[in-house]
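Participant: fold the following, please.
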Amino acid sequence: MKEKKSVSKILMVMHKDDNVAVCLRALNPGETISFQYADANMQLKTMDPIPLGHKVALKDIQLGKSIIKYGEIIGKATKEITKGQHVHTHNVTDFS
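Facilitator: Numbering: from 1, shown residues only. Below is the predicted model of the structure:
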């Protein structure tokens with residue numbers, strides 16, 4: 001069975017286990033984005049400005065927990081990340 005992906009005009013989620021989405025345009029704080037993923041309607045309100053191509057948290061991510069993109073761990077949270085926050089080098093580290 002082929003895995004479902006979410007591609008809207010605003011966010012892209014590549015795997016059902018992802019806890020971040022890629023922004024397909026720059027997002028402003030306070031934007032509410034509705035999209036469908038894996039047969040579920042989802043809604044996200046941005047907390048920060050997020051540049052094109054950067055990641056946004058799809059759910060709360062606790063300190064030290066994995067950042068998952070494409071179904072793979074790409075780093076870990078260096079601080080608490082709230083749903084809708086910008087996910088980048090200021091709150092994520094690699095595996096070292």
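Participant: pLDDT wise, what is Ala21 at?
Facilitator: In the predicted model, Ala21 carries a pLDDT score of 95.
Participant: quick one: contacts for the residue nearest to it when sequence neighbours are not counted?
Facilitator: Spatial nearest neighbour of Ala21, chain neighbours left out: Leu11 (4.1 Å); criterion: C-beta to C-beta, 6 or more residues apart in numbering. For the C-beta atoms, the positions are set from N, CA and C on the backbone; glycine is no exception. By C-beta atoms under 8 Å, 6 or more residues apart in numbering, the contact list for Leu11 reads 21-24, 33, 35, 44, 56.
Participant: just the buried subset of these, please.
Facilitator: Buried members of those, scored by 16 or more other C-beta atoms under 10 Å, are 21-23, 33, 35, 44, 56.
Participant: what's the distance between the residue nearest to Ala21 and Lys45?
Facilitator: Distance, Leu11 to Lys45, by C-beta to C-beta, to the nearest Å: 12 Å.
Participant: find residues that contact each of those two.
Facilitator: Residues within reach of Leu11 and of Lys45 at once, by C-beta under 8 Å, 6+ apart, are Ile33.
Participant: which residues does the residue nearest in space to the middle of the chain bridge with?
Facilitator: Centroid check for the chain by C-alpha atoms, centre = their mean gives Val20 as the closest residue, at 2.0 Å. Beta-bridge partners for Val20, by DSSP bridges, are Ala57.
Participant: my guess is it meets Tyr70, correct?
Facilitator: No. Using C-beta atoms under 8 Å, Val20 is not in contact with Tyr70; the gap is 9.9 Å.
Participant: and the spatially closest residue to Ile81 that is not a sequence neighbour, its phi and psi?
Facilitator: Nearest residue to Ile81, sequence neighbours excluded (C-beta to C-beta, 6+ apart): Ile61, at 4.2 Å. With angles defined as degrees, to the nearest 10, Ile61 sits at phi -130, psi 120.
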